[in-house]
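**Student:** this one's sequence-less:
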């Protein structure tokens with residue numbers, strides 16, 4: 001079944017609109033995890049801070065991912081500010097990630113899809129490829145992106161470098177911890193954000209992997225409804241559980257591969 005055939009069978013346009021509650025959730029979902037991880041790290045409880053840092057990284061990825069598709073329910077400036085702010089906090093240019101992510105949707109798993117390169121690797125190959133993945137994401141954007149993208153990427157990289165310099169120069173220990181953990185997360189992106197949801201889908205790239213287990217989707221903040229996202233990228237993450245139900249009702253015969 002083609003992408004176009006699937007989108008014609010499912011009612012989804014109403015899911016683009018966020019209520020006030022949903023808007024506040026999507027735009028503030030990162031804050032509890034960030035502040036909790038910083039507080040625990042400040043008092044030296046690094047191991048206890050680690051899961052909170054992981055959840056911050058995951059929710060920040062969810063937030064910027066919605067920003068890529070203009071699905072945060074906020075205007076263009078605040079969307080830009082969200083991407084810029086999370087660039088500094090996540091230690092990578094999020095506009096570079098955006099450029100490659102939108103190309104990923106357009107050229108999914110083809111030669112021009114630089115984000116999706118790790119999908120065809122082994123799981124351990126995708127992990128080892130992680131640092132190369134992050135370098136390539138920035139390099140491709142600076143080479144192929146338009147003037148606006150290049151300007152944003154350079155501004156974010158300069159801000160990240162300035163932030164890191166201040167943190168290490170003044171030895172702000174809880175932020176040193178934060179920088180190290182965020183860089184580790186970035187180096188694992190090729191595995192967690194690409195390989196997990198796309199391996200074994202080369203024959204039908206628009207049919208990415210998905211997750212239907214309730215508790216797994218709760219602990220991953222619905223980020224593994226990836227089949228649904230690729231079919232309807234304009235739908236905000238908070239609406240993906242409802243979208244998944246509609247897809248299942250409209251096309252119970254559609255085969256789905258689990259993420260994990």
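**Tutor:** Cool, got the structure. Since the model is a prediction, treat every value here as computed from it, not as a measurement. Numbers count the residues shown, from 1 in each chain.
**Student:** Grab the nearest non-local neighbour of residue 93.
**Tutor:** Spatial nearest neighbour of residue 93, excluding adjacent residues (C-beta to C-beta, 6 or more residues apart in numbering): residue 156 at 4.1 Å. The C-beta positions use only the backbone N, C-alpha and C, and glycine is treated the same way.
**Student:** check contacts around the one you found.
**Tutor:** 84, 87, 88, 93, 94, 95, 96 (C-beta atoms under 8 Å, 6 or more residues apart in numbering).
**Student:** Buried residues of stretch 90-107, list them for me.
**Tutor:** Using 16 or more other C-beta atoms under 10 Å as the test for burial, stretch 90-107 gives 90-101, 103-105.
**Student:** Determine which two of those residues are furthest apart.
**Tutor:** Spatial extent of those (C-beta to C-beta) is set by the pair 91 and 105 at 24.4 Å.
**Student:** what about the helices in this structure?
**Tutor:** Under the criterion DSSP state H, the chain contains helices at 3-9, 20-28, 31-42, 46-68, 76-90, 94-106, 123-144, 147-169, 173-187, 189, 196-198, 214-219, 226-231, 240-250.
**Student:** Just put those in a markdown table and tack on distance to residue 117 and mean pLDDT.
**Tutor:** Formatted as a markdown table, the helices of the chain follow (distance: least, C-beta to C-beta, whole Å; pLDDT from 0 to 100):
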| stretch | distance to residue 117 | mean pLDDT |
| --- | --- | --- |
| helix 3-9 | 22 | 84 |
| helix 20-28 | 29 | 98 |
| helix 31-42 | 29 | 98 |
| helix 46-68 | 18 | 98 |
| helix 76-90 | 20 | 98 |
| helix 94-106 | 10 | 97 |
| helix 123-144 | 7 | 98 |
| helix 147-169 | 19 | 98 |
| helix 173-187 | 15 | 98 |
| helix 189 | 12 | 97 |
| helix 196-198 | 10 | 97 |
| helix 214-219 | 26 | 92 |
| helix 226-231 | 17 | 96 |
| helix 240-250 | 25 | 95 |
